[in-house]
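Undergrad: One predicted model, sequence on top.
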Amino acid sequence: MMNSSPAEFPTRGAVYARDLVVARAGNEVLRSLSFDVPRGTVVGLMGPSGCGKTTLMRSIVGVQRIESGHLDVLDHSPTDHALRHRLGYVTQAVSVYRDLTVRQNARYFAAIQGSTPHAADRAIDTVGLADHADRTVENLSGGQASRASLACALVGDPELLVLDEPTVGLDPVTREEIWTHFRRLADAGATLLVSSHVMDEAARCDSVLLMRDGRLLAHLPPQELLDRTGESTMDAAFLSLIRRGNAGPKRASDHQGDRR
Ligand SMILES: Nc1ncnc2c1ncn2[C@@H]1O[C@H](COP(=O)(O)OP(=O)(O)OP(=O)(O)O)[C@@H](O)[C@H]1O
């Protein structure tokens with residue numbers, strides 16, 4: 001592909017993976033994954049512990065060596081420098097400066113991403129930390145510190161947000177607020193890939209990537225997951241699918257726009 005601006009090439013998803021294989025310590029942990037993450041959508045990434053969710057996220061943000069296959073992120077190779085300010089990544093580990101306050105952290109990340117102090121304060125508000133903005137991160141609870149990391153990823157208004165279990169350990173009210181904000185971001189055109197162990201959160205996504213043992217079991221809207229399994233809750237549907245080991249044919253749309 002020559003010129004890759006989204007305006008000129010709107011058909012390829014924010015993430016485009018074909019036959020993606022990744023090995024860690026000599027073991028194949030992602031096994032021939034093919035999927036698209038459509039732009040402007042919230043996609044959940046679900047699967048049992050150790051199935052490869054974090055490894056997939058690391059591949060997308062360009063910090064994981066890819067063995068074979070093809071991976072495009074916003075029409076670039078994941079390691080392309082051009083992506084630096086267009087991507088936001090929040091790991092499971094708190095990745096902010098513990099001896100700085102929440103506000104100092106957010107303003108620092110805003111500055112290096114060319115964003116404003118106002119945007120930093122807005123991001124703090126979004127994650128529900130306005131009352132703790134002037135506390136150092138080391139004096140926050142675990143959930144509050146995770147939210148500080150999330151605020152720092154939000155400040156630059158990234159086009160693609162990759163979030164590894166962003167709501168773990170959060171109370172239901174804060175989770176609700178954060179998911180409402182995710183939806184708002186997607187409505188404004190951002191793309192979010194969010195891993196979670198909480199199946200209720202799958203229901204809030206436009207589609208869900210379900211993984212097991214490094215393979216993709218299905219990529220489908222949450223309602224289709226219920227319909228396909230005949231279950232009434234996301235938890236039961238997910239278990240049913242995991243036990244079955246496959247979910248039938250993938251969505252045809254997963255291969256639309258496949259030009260190479
Ligand atoms: N640094 C590493 N070196 C070698 N193997 C690793 C490393 N990190 C993870 N793995 C292995 O890669 C596989 C996928 O791990 P990954 O962390 O991607 O899973 P996950 O789905 O994110 O798990 P969890 O839900 O527990 O966070 C696992 O078998 C794991 O043991």
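TA: Yep, that arrived. In this text, all values refer to a predicted model and were calculated from it rather than measured experimentally.

Undergrad: List the buried residues of stretch 36-52.
TA: 36-39, 41-47, 51-52 (16 or more other C-beta atoms under 10 Å). Quick note: C-beta positions are derived from backbone N, CA and C, even for glycine.

Undergrad: so, in contact with the ligand or not, that stretch?
TA: Yes. Applying C-beta under 6 Å from any ligand atom, one finds stretch 36-52 in contact with the ligand at 47, 49-52.

Undergrad: now for that stretch, what's the gap between its first and last residues?
TA: Start-to-end span of stretch 36-52 (C-alpha to C-alpha, to the nearest Å) is 17 Å.

Undergrad: And for stretch 77-90?
TA: End-to-end span of stretch 77-90 (C-alpha to C-alpha): 20 Å.

Undergrad: Distance from the chain centre to it, please.
TA: Averaging C-alpha positions (C-alpha atoms, centre = their mean, to the nearest Å) puts stretch 77-90 13 Å from its chain's average.

Undergrad: Pretty sure Ser115 is one of the things Asp157 touches, is it not?
TA: Yes. Between Asp157 and Ser115 a contact is recorded at 7.1 Å, counting by C-beta atoms under 8 Å.

Undergrad: re the thing from before, inside strands: which ones of the buried residues of stretch 36-52?
TA: Counting by DSSP state E, these place 36-37, 42-46 in strands.

Undergrad: So of those residues, which two are at opposite extremes in space?
TA: Put simply, by C-beta to C-beta the two of these set farthest apart are Asp36 and Met46, 17.0 Å from each other.

Undergrad: Spell out which residues belonging to the stretch 51-200 of the chain are near the ligand, please.
TA: Contact residues (C-beta under 6 Å from any ligand atom) of the stretch 51-200 of the chain with the ligand: 51-55.

Undergrad: what about Met57, helix or strand, and which?
TA: According to DSSP states H and E, Met57 maps onto helix 53-60.

Undergrad: the inter-axis angle of that helix versus strand 42-46?
TA: Here the directions of helix 53-60 and strand 42-46 differ by 130 degrees (axes from the mean of the first three to the mean of the last three C-alpha atoms, to 10 degrees).
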